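Asker: Structure here, sequence nowhere to be found:
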Ligand code: TEU
Ligand code: CA
C-alpha cells in the first residue's frame with residue numbers, strides 16, 4: 001500500500017453549490033463531471049465529495065436515509081459512475097464522505113428501530129429510559145441546539161442525537177450494525193472509490209454510563225463531547241473497521257475528530273495502530289471563539305493560530321500525518337477570517353495558502369478558496385439556509401443579545417459563507433446555474449470568478465496552481481522537519497522545513513502594512529532560491545527583510 005495521499009492535494013467539492021447542469025438551482029454530479037478538466041488544470045490529485053447519498057437534506061446530506069442510493073437531486077447512479085470514471089481519466093482520485101455516527105430518521109433502520117424494543121433493528125440506535133420524572137436520560141445538548149435526547153412514545157424511550165433530532169446516533173455497541181456499515185464501505189470501494197472522509201468519526205463510542213456533562217458556555221445543556229469524543233471503544237472499532245475493510249484496499253482515510261488533542265490524534269494516525277491515515281482537528285478553528293462559543297465576532301490573534309498549528313506539526317512528527325486546512329463547508333471563508341477580504345484580498349489569500357501548504361501534511365482546498373472567494377454579506381436571516389445559523393439566531397436572541405449583534409455574529413461565522421455558489425464566470429448567478437440558486441450567489445462574482453482568474457497570471461487561481469505543483473517536485477515539502485522561526489513575532493508566521501542539507505524558509509506577514517522581519521544568520525546565508533512569493537518583487541532573504549502587506553515568500557536553501 002502506497003502513501004500516495006502524502007503527495008496529494010485534495011480539493012473539496014460541496015456538490016450542492018459547485019455546478020448545476022440542469023437549471024434546477026442545485027449543483028449536481030453531471031456538473032462536477034463537466035468541471036473535471038478545471039480541477040485537472042488546477043493540479044489537484046483527489047476530490048473529497050460531501051455527501052451525495054439519498055437524504056431528506058435536513059443537514060445538507062449529513063442525514064442519510066439510504067447509503068446505497070444517490071440523492072436524485074444530484075443525479076443517478078449512472079451519473080455517479082460517469083463522474084468517477086471522468087475523475088480517474090483526469091488523474092483525480094475520489095474520496096467520499098462516510099457518515100456513520102448517525103443516519104437520517106428516515107432511514108429504514110430507524111423507522112423500524114423506533115417501533116418497538118424487540119425487533120431486529122431495536123438496538124441499531126441509542127435508546128434509554130426516561131428519568132423517573134420523565135425527563136431526558138442526561139443533560140447533554142445537541143450540536144445544533146436543544147437537548148440531545150428525543151422522546152418516542154411508541155417505545156416509551158428517548159433516543160440520542162448529537163446533532164439534529166432528525167439525525168439519530170447509531171449504536172456502535174451493536175456488532176450486527178457495524179457489519180452492515182462495513183459491507184456498505186466495501187460496496188463503494190469495490191466500485192472504485194479511493195477513500196473516505198469520515199464524519200465525526202471520534203464520536204462513535206459513547207460512555208455507556210451516559211454521565212451528565214459540564215454545561216456549555218451560556219447554556220442549560222452539558223457538552224455531549226465529554227461523554228462521546230474519543231470514547232472507551234473508539235480505537236477498537238476503528239481497528240476492526242481497518243481489519244475488515246480498509247486494509248483490503250489502497251485507499252485514503254481522513255477522520256473528522258472534533259474536540260481532540262494532538263496526543264489523542266496520534267492514536268488515530270499512528271501507522272502502527274492501523275486505524276486512519278489522518279484526521280481533521282479543529283483546535284486552530286477555535287482561536288476566534290467568543291463567550292457564546294463558535295458564533296462570535298472575535299478576531300483571532302496570530303500568536304494563537306501559529307501556536308496551535310505549530311503544536312500539531314511538532315506533536316505528530318514521526319508519529320503520524322497531519323491534514324492541513326483553513327476552510328471547509330462548516331467554516332467561514334479563510335480570507336475573510338484570517339486575511340483581509342477587501343484591499344489585500346488577493347495578497348492575503350495567497351499568503352495564507354503558502355503558510356498552509358508548506359507545512360507538513362496533506363492540504364485540503366475548499367471549492368472557491370483557489371479563487372479567493374469571501375464571506376457573503378447576507379443582511380437578513382431569511383437569506384441563510386443552514387439550520388445551524390437559524391437555530392443559533394433564535395437561541396442567541398433568547399439570551400438577550402440585540403438582533404444587530406446576533407446578525408453580525410452569524411454573518412462572521414455561518415457555515416453558509418462557504419456554501420454560496422461557486423463563482424465560475426461573470427454571467428448571471430456566476431455561471432453556477434441558469435435557474436434560481438438554492439442559496440444566493442455572493443454578489444462579488446463580477447470580480448471574483450474562475451474565468452477571469454484563469455486568464456490573469458497574477459490571480460489567486462494561478463498562484464494555487466503554482467503552489468500545488470511544488471508538492472510533487474520538492475520532497476522537503478512532504479518530508480522536511482518543521483520548526484518555527486521567531487515564535488513570538490507579532491506580525492509574521494515564519495517556519496523552516498529541513499531535509500538533509502536543504503532548508504525551506506517560509507514567511508507570511510499577517511499585517512496590512514509593511515513590516516520588518518529579522519532572521520537568524522544561518523537562514524540568511526547560502527544559495528537561496530525563491531520557490532514562490534505573492535508579490536512581483538518579493539522580499540529578498542536576508543537577516544533583515546521588509547515584508548509588504550500580507551506578503552508571503554518561500555525560499556529554498558541548498
Ligand atoms: O461536522 C461535525 C462537527 O464537528 C460540527 O460540530 C462542526 O464543527 C459544526 O458544523 C461547526 O458548526 C460534521 C459535518 O462536517 C457537518 O457539516 C455536519 O453538520 C455534522 O458533522 C453532522 O453530520
Ligand atoms: Ca441540478
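Answerer: Cool, the structure landed. Everything numeric here is computed off the predicted structure, so don't read it as measured data. Ligands and ions are numbered 1, 2, ... in the order given.
Asker: Wait, a strand at residue 47?
Answerer: Yes - judged by DSSP: H, G, I helix; E, B strand; the rest coil, residue 47 forms part of a strand.
Asker: Run a quick neighbour tally on it.
Answerer: By other C-beta atoms under 10 Å, the residues close to residue 47 number 24. In this view, the C-beta of every residue, glycine as well, is placed from N, C-alpha and C.
Asker: Please read off the pLDDT at it from the model.
Answerer: The model reports residue 47 with a pLDDT of 98.
Asker: Residue ranges in the stretch 151-300 of the chain under the pLDDT threshold?
Answerer: Of all residues in the stretch 151-300 of the chain, none has pLDDT under 70.
Asker: Now find how far off-centre stretch 317-324 is within its chain.
Answerer: 17 Å (C-alpha atoms, centre = their mean, to the nearest Å).
Asker: Check what contacts it and list those residues.
Answerer: Stretch 317-324 is contacted by residues 5-6, 254, 265-266, 268-271, 277-281, 312-313, 316, 356-357, 359-364, 481-482 when judged by C-beta atoms under 8 Å, 6 or more residues apart in numbering.
Asker: Can you check the distance spanned by that stretch, start to finish?
Answerer: Criterion C-alpha to C-alpha, to the nearest Å; first-to-last residue distance in stretch 317-324 is 14 Å.
Asker: Show the buried residues in the contacts of stretch 317-324.
Answerer: 5-6, 254, 265-266, 268-270, 277-281, 312-313, 316, 356-357, 359-364, 482 (16 or more other C-beta atoms under 10 Å).
Asker: show me the contacts for residue 170.
Answerer: Residue 170 touches 100, 101, 102, 103, 124, 125, 126, 177, 181, 204, counting by C-beta under 8 Å, 6+ apart.
Asker: and it, bridged to which residues?
Answerer: residue 125 (DSSP bridges).
Asker: Can you tell me which residues in this protein are near ligand 1?
Answerer: Within the chain, the residues that sit near ligand 1 (C-beta under 6 Å from any ligand atom) are 59, 62, 99, 143, 163, 199-200, 256, 258, 294, 329-330, 388, 415.
Asker: The same query, at a cut-off of 5 Å, please.
Answerer: 59, 62, 143, 163, 199, 200, 258, 330 (C-beta under 5 Å from any ligand atom).
Asker: close enough to count as contact, the fourth one and residue 145?
Answerer: So that's residue 163. No - Residue 163 lies out of contact with residue 145 (C-beta atoms under 8 Å); the separation is 10.0 Å.
Asker: neighbour-wise, which of those two wins?
Answerer: Shown here are residue 163 and residue 145; by other C-beta under 10 Å, residue 163 has more neighbours (25 against 17).
Asker: Skip the chain neighbours and tell me the closest residue to the more buried one.
Answerer: residue 143 (5.0 Å; C-beta to C-beta, 6 or more residues apart in numbering).
Asker: Now do the same for the one you found: helix, strand or coil?
Answerer: Relying on three-state DSSP, one would call residue 143 coil.
Asker: how many neighbours does the closest residue to residue 460 other than its chain neighbours have?
Answerer: Distances taken as C-beta to C-beta, 6+ apart put residue 372 closest to residue 460, at 3.9 Å, once the chain neighbours are dropped. Counted with other C-beta under 10 Å, the neighbours of residue 372 add up to 28.
Asker: Look at residue 145 and report its pLDDT.
Answerer: For residue 145, the pLDDT comes out at 89.
Asker: and the lowest-mean-pLDDT helix or strand in the chain, what other elements does it pack with?
Answerer: One helix or strand of the chain scores below all others by mean pLDDT, DSSP states H and E: helix 521-524, with a mean of 89. If contacts are counted by 3 or more C-beta pairs under 8 Å, 6 or more residues apart in numbering; DSSP states H and E, helix 521-524 sits against strand 502-509.
Asker: quick one on the thing from earlier: go through the least confident helix or strand of the chain and flag the buried ones.
Answerer: Those would be 523, 524, for helix 521-524 by 16+ other C-beta under 10 Å.
Asker: following that helix, which helix or strand comes up?
Answerer: Next in sequence after helix 521-524, counting helices and strands by DSSP states H and E, comes strand 528-533.
Asker: That following strand pairs with which strands, and in what direction?
Answerer: strand 552-557 (antiparallel).
Asker: which stretches of the stretch 101-250 of the chain form helices?
Answerer: Along the stretch 101-250 of the chain, the segments classed as helices by DSSP state H, counting those that start in this stretch run 108-113, 175-191, 234-244.
Asker: Relative to ligand 2, which of the ones you listed is closest?
Answerer: Ligand 2 lies closest, by C-beta to the ion, to one member of those: helix 175-191, at 22.3 Å.
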